[in-house]
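In: sequence first, predicted model second:
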Amino acid sequence: MNKFLFVLGLIVLQNSTQLIAQQISEEEKLASTAKIWGFLKYYHPEVAKGKFDWDGQLLEILPKVKQANGKEELSKVYLDWIASLGKVSLCRKCERDQNQSYFDKNFDLSWIKDSSLFTPELSRKLKFIEENRFQGKHHYVSVRYEQVGNISLKNEPKYKDLDWQDPNMRLLIAFKYWNIIEYFFPYKYQTDEPWDKVLITSIPKLKSASTEKGFHRALQQMVVKIDDTHGWFIAGKTKYRRPLFITKYVEDRIVVQDFYNHLDNLKSSLKIGDVVLDIDGKPINEMIRDQLPYMWGSNKGSTYKNVKNFVIASPKEKKRKLRVLRGNDTIEVDVKYFSKDSLRAPKKKRWSLLSDRVGYVNMGKLTKEDVTSMIDSLKDTKAIILDMRNYPKGALRKLASYLIPEERLFYKQIQPDLGYPGRFIWRDGSTIGNSKNRKLYEGKVIILVNEMTQSRAEFNVMAFQMADNVITIGSQTAGADGDISKLELGGGIRTYMSGIGIFYPDGTETQRKGVKIDVEVHPTIEGIREGRDEVLEKAIELAGRP
């Protein structure tokens with residue numbers, strides 16, 4: 001009798017274990033739906049042609065998914081859905097695609113074989129669609145510029161009156177974004193948190209959002225997980241006001257570095273070098289901590305550059321009370337705030353002689369038309385300092401023809417393969433240098449960089465680093481290289497991403513890491529108080545060395 005009860009107990013335990021194993025959480029069901037919906041959108045020939053209201057299809061399938069119990073029922077929902085989309089014919093061209101030179105660190109469709117969620121029949125069906133995927137002009141995505149290669153979204157509903165209170169609409173917008181990153185973001189492999197995990201952890205936040213701001217915040221937290229300084233998030237039409245002073249994040253502090261509208265700065269009670277301690281009674285460290293979960297950036301420098309701008313700015317106040325540290329004294333000041341359009345940046349020269357032997361060029365001011373005059377003015381110097389701590393104006397190729405002795409390849413890139421979404425194709429970038437027999441500048445080339453060196457600026461630095469006698473000085477750049485793609489998700493929500501992958505010719509990434517630096521120099525609070533530019537000082541010192 002005891003033996004019979006023991007065996008019976010084992011059977012009951014085994015059945016219970018199998019029952020538990022078959023249960024699937026709602027988050028897992030929704031995440032699998034997001035993946036299948038996105039996969040079919042970009043892979044299924046009939047869907048990719050635009051034959052269906054694909055957003056509407058998701059809204060129809062979600063209630064069925066939520067009601068499904070266990071793997072068998074869930075897989076049947078998906079199989080019936082796929083069957084309703086029409087026949088998938090054999091793709092002969094897909095076999096020839098294997099000859100491409102692929103960068104595959106982003107590519108992973110292993111989820112279609114997940115036996116805990118999908119039956120073997122469903123997995124085989126999904127694999128068949130992958131192998132016979134859509135080829136041709138895609139309804140939802142295209143290449144923005146053929147010579148560049150990043151994507152542009154097409155035919156996505158605007159949802160001007162987006163019903164954010166509908167939880168399924170919130171999921172739709174998030175699933176749309178997740179799949180764009182899944183298949184077309186070249187740097188997905190570099191994110192701190194696996195993109196699959198971001199999906200599963202975002203779903204509860206999206207489901208529980210009780211306000212429009214809460215919904216936007218949940219979505220924004222997804223966006224920042226791509227770890228991309230190009231990953232701005234915009235929802236609504238809030239216009240921020242700003243004070244007359246310009247700040248910099250130095251030594252884990254927000255420091256007054258300069259002023260807008262120089263003629264008016266005498267009206268300010270602040271001084272260069274003041275350290276901001278709190279705003280309207282709230283400690284600045286708390287404000288930073290509150291903003292960080294929603295702040296985009298490829299690395300610490302670029303993230304904190306963005307976060308300090310948000311805590312200093314104000315969406316409505318025209319005056320705020322700041323408490324600052326000046327030397328050893330703590331003082332309170334009332335600071336006026338102005339519309340961004342009314343603020344004028346400090347005037348700076350395009351180029352100048354720092355001494356008889358050292359020239360300085362502000363690449364944020366220099367235009368292509370200025371290059372010849374600038375070179376003529378500085379041709380006898382021992383060194384030219386190119387300040388790239390800004391956003392350049394477009395003088396790259398003309399200036400490079402005076403600095404680089406012959407055409408040299410300075411980057412290579414990866415771009416999305418629209419015929420095999422999720423895969424990226426290697427392409428050689430362009431060359432740069434002297435192709436017109438110009439008389440070369442013979443001195444040193446010294447490049448200044450910091451967290452303000454972003455995107456086009458980083459690309460420019462990579463090019464100028466092809467010069468023979470070049471030194472790069474400063475601190476980690478923004479780590480956001482490659483042309484951007486704008487992603488309009490509906491309801492006035494838009495974001496961006498780095499749309500192509502940019503690498504040095506040896507394959508070294510620039511995304512997140514930034515450009516290569518020879519001499520690392522960081523500014524200090526003391527240096528700012530004293531009115532010194534410590535990075536520029538180091539450049540002048542190196543310019544004087546043999």
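Out: That came through fine. Residues are numbered from 1 along each chain as shown.

In: please name the residues that touch the residue lying closest to Gly507 once chain neighbours are set aside.
Out: Distances taken as C-beta to C-beta, 6 or more residues apart in numbering put Lys412 closest to Gly507, at 7.7 Å, once the chain neighbours are dropped. For glycine as for every other residue, the C-beta is placed from the backbone atoms N, C-alpha and C. Going by C-beta atoms under 8 Å, 6 or more residues apart in numbering, Lys412 touches Trp426, Arg427, Asp428, Gly429, Phe503, Tyr504, Pro505, Gly507.

In: which of the residues you listed ranks first by neighbour count?
Out: Phe503 (21 neighbours; other C-beta atoms under 10 Å).

In: tell me the contacts of that residue?
Out: Contacts here follow C-beta under 8 Å, 6+ apart; on that basis Phe503 touches Tyr411, Lys412, Gln413, Ile414, Glu509, Thr510.

In: Asn155 is in contact with Tyr140, isn't it?
Out: Yes: counting by C-beta atoms under 8 Å, Tyr140 is a contact partner of Asn155 at 5.9 Å.

In: please identify which of those two sits among more neighbours.
Out: For Asn155 and Tyr140, the more surrounded residue by other C-beta under 10 Å is Tyr140, and the numbers stand at 20 against 11.

In: the more buried one touches Ile151, doesn't it?
Out: No: when contacts are counted by C-beta under 8 Å, Tyr140 is not listed as touching Ile151 (9.7 Å).

In: in the sheet, who's paired with the residue nearest to Gly507?
Out: Beta-bridge partners for Lys412, by DSSP bridges, are Asp428, Phe503.

In: from Ala31, how far out is it?
Out: The gap separating Lys412 from Ala31 is 35 Å, by C-beta to C-beta, to the nearest Å.

In: identify the residues contacting the residue nearest to the spatial centre of the chain.
Out: Nearest to the geometric centre of the chain sits Asp228, at 2.4 Å (C-alpha atoms, centre = their mean). Residues in contact with Asp228 (C-beta under 8 Å, 6+ apart) are Phe185, Tyr187, Trp296, Gly297, Ser298, Ala480, Met497, Ser498, Gln511.

In: need the pLDDT of it.
Out: At Asp228, the model reports a pLDDT of 97.

In: same question for Met1.
Out: Model confidence at Met1 (pLDDT) stands at 48.

In: do Thr247 as well
Out: Looking at Thr247, the pLDDT reads 96.

In: in a helix, it, correct?
Out: No: assessed with DSSP: H, G, I helix; E, B strand; the rest coil, Thr247 is strand; it does not lie in a helix.

In: and the strands in the stretch 251-400 of the chain?
Out: Using DSSP state E, counting those that start in this stretch, the strands of the stretch 251-400 of the chain run over 253-259, 275-279, 282-283, 319-326, 329-339, 351-353, 358-362, 383-387.

In: quick one: the helices in the stretch 201-350 of the chain?
Out: Residue ranges of the helices in the stretch 201-350 of the chain, as given by DSSP state H, counting those that start in this stretch, are 212-224, 284-291, 300-312.

In: would you reformat those as CSV and include mean pLDDT?
Out: Shown next, in CSV, are the helices of the stretch 201-350 of the chain (pLDDT from 0 to 100):
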stretch, mean pLDDT
helix 212-224, 96
helix 284-291, 96
helix 300-312, 95
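
In: list just the one of the ones you listed that sits closest to Thr191.
Out: Of all the helices of the stretch 201-350 of the chain, helix 212-224 sits nearest to Thr191, with 10.1 Å by C-beta to C-beta.

In: now the angle from the closest one to helix 300-312?
Out: Taking axes from the mean of the first three to the mean of the last three C-alpha atoms, to 10 degrees, one finds that helix 212-224 is oriented at 160 degrees with respect to helix 300-312.

In: now do helix 212-224: distance to the chain's middle.
Out: The chain centroid and the centroid of helix 212-224 are separated by 16 Å, computed with C-alpha atoms, centre = their mean, to the nearest Å.

In: one more: stretch 231-245?
Out: 18 Å.

In: and for the nearest residue to Lys225 once chain neighbours are set aside, the neighbour number?
Out: Nearest non-adjacent residue to Lys225, counting by C-beta to C-beta, 6+ apart: Val198, 4.6 Å away. Neighbours of Val198 under the rule other C-beta under 10 Å: 21.

In: quick one: contacts for Val198?
Out: By C-beta under 8 Å, 6+ apart, the residues touching Val198 are Trp178, Thr191, Met222, Lys225.

In: show me what contacts the nearest residue to the second one once chain neighbours are set aside?
Out: Read that as Thr191. Spatial nearest neighbour of Thr191, excluding adjacent residues (C-beta to C-beta, 6+ apart): Asp227 at 5.1 Å. Asp227 makes contacts with Tyr187, Gln190, Thr191, Asp192, Gly297, Ser298, Arg512, as judged by C-beta under 8 Å, 6+ apart.
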